[in-house]
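Asker: Fold the following, please.
(one chain, ligands or ions: 1)
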Amino acid sequence: MSKDGSGGTGRRKFLQESAALGGAAALAGLVPSIALAQGARKIKIGLMLPYTGTYTQLGVAITNGFKLAIQEAGGKLSGREVEYATLDDESEPAKAADNANRIVNRDKVDVLVGTVHSGVQMGMVKIARESGVLHIIPNAGLGAATTQLCAPNIFRTSFANAQTTYPMGQVMAKKGHKTAVTLTWRYAAGEEMVAGFKDSFTKGGGKVIKELWLPFPNVEFQALLTEIASLKPDAVFVFFAGGGAAKFLKDYKAAGLKGKIPLYGSGFLTDGVLEAVGDAAEGVETTLHYGDGIDTPRNKAFRLSYAKAFKLQPDVYAVQGYDAALLLIAGMRAVKGDISKKREIIAAMEKAQIDSPRGKWTMSKGHNPVQDFYLRKVVGAENKVVGVAVKALDYPPAALCKMPS
Ligand code: PHB
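Answerer: Predicted coordinates:
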């Protein structure tokens, strides 16, 4: 086997040859293990994620979750050994296409998993569309990835940005809030999160009186918090995540706004940060497709298993990484480990019902999860589930995806 794991042939040629072999084998129904027929070449998974900067912990949690699911499946993908190529994308959009190109074409990964940041995701989607590599997005909510730029080989196991905030606008309008100020980072994720929130908040009779922005990953919140205090809205809606979210929660409290102007957000505001912020997040309500306290045997088993393996509490990012591997496992199972049967893998992934710690979910036509959104409230060190805000939400609608054949 060649060093790059491609079996010594060009990638395309390899795919064609093994497709022919796999097809004949399936027809005859004689080959018990395609893995044996292919000399048990390892499946190479590329993890392109942030391992430095404000989203570091998100990248780590996704990596942990992914590897945990593979371990639980016996450390293999349908009999095939797994190896990883890891690349730190630094949440840096300017380097995204080059980085993705490197991991796909130099490291010759079979599957490209990543990333967290929507701006970086744009570059990855470009390379995934050009190369045709099987691509699983375990976080970044870039709407276009599963609508205008959807493709057969691109799947997401997380959310679309606006999908996570549309439920919050409804919740806040129902609570009787009439005015809100929004605050977030000025990049695709922040813009789409605000758009989703605004859509349902205004439909519910609310009004966004001011949109405040700062460049990613800036955390100089002081002047903006002063402005919020003087605007006196009924409520504040924000999107921040990772290190930035922890700093924002502490600053909101330090500015004397906590308890005065209720703070809401997508659940990224309070996921993975509760141990770091003390009581600054207490009582904050958010909407998300996961909550620590989901009271199911599936979630409890996952949390126990994750805590045991990594000596850390899992969060939404860990669940998304875990589900990325579950999705790949479903695809690989359908072809008995024959990674060359891409069409069949894709068909199986499209049909998969993922038995996730978050609850069962399915793929939309655009390859984004159709899933329930929970209303959560921070109680102590837990994102407690208060109820279901919206069931089986497909938003932005998958109808916006015209899937190329
Ligand atoms: C994104 O950039 O799409 C993004 C990043 C972090 C999150 C959610 C979305 O927590």
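
Asker: So what are the structural domains in this protein, by residue number?
Answerer: Structural domains assigned to the chain are 8-159+295-363, 162-288, following automatic domain parsing.

Asker: wait, which of these is closest to Asp394?
Answerer: Among the domains of the chain, the nearest to Asp394 by Cβ to Cβ is domain 162-288 (8.1 Å). (Glycine included, C-beta is placed from N, CA and C.)

Asker: what is the mean pLDDT for the closest one?
Answerer: Mean per-residue pLDDT for domain 162-288: 97.

Asker: Tell me the secondary structure of Thr362, please.
Answerer: strand (DSSP: H, G, I helix; E, B strand; the rest coil).

Asker: Just put the domains of the chain in JSON lines and tack on mean neighbour count and distance to Lys384.
Answerer: Shown next, in JSON lines, are the domains of the chain (neighbours: other Cβ atoms under 10 Å; distance: least, Cβ to Cβ, whole Å):
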{"stretch": "domain 8-159+295-363", "mean neighbour count": "20", "distance to Lys384": "10"}
{"stretch": "domain 162-288", "mean neighbour count": "21", "distance to Lys384": "10"}
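
Asker: I'd like those domains written out as CSV, with distance to Gly380 added.
Answerer: Output for the domains of the chain, formatted as CSV (distance: least, Cβ to Cβ, whole Å):
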stretch, distance to Gly380
domain 8-159+295-363, 12
domain 162-288, 8
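
Asker: Model confidence for the residue in the stretch 301-405 of the chain positioned nearest to the ligand, exactly?
Answerer: The stretch 301-405 of the chain approaches the ligand most closely through Tyr317 (7.3 Å), counting by Cβ to the nearest ligand atom. For Tyr317, the pLDDT comes out at 98.

Asker: Check Ser18 too.
Answerer: pLDDT at Ser18 comes out at 38.

Asker: and if you look at Ala40?
Answerer: 71.

Asker: Assign a three-state SS to it, would you?
Answerer: coil.

Asker: still on that earlier bit, wait, the residue of the stretch 301-405 of the chain closest to the ligand touches Val273, no?
Answerer: No: look at Tyr317 against Val273 with Cβ atoms under 8 Å: they stay out of range, at 11.3 Å.

Asker: List the contacts of the residue nearest the centre of the chain.
Answerer: With distances taken as Cα atoms, centre = their mean, the residue of the chain nearest its centroid is Asn139 (1.8 Å). Asn139 makes contact with Leu58, Ile62, Thr115, Val116, Ser158, Tyr317, Gln320, according to Cβ atoms under 8 Å, 6 or more residues apart in numbering.

Asker: The ligand: which of those residues is nearest?
Answerer: Val116 (5.1 Å).
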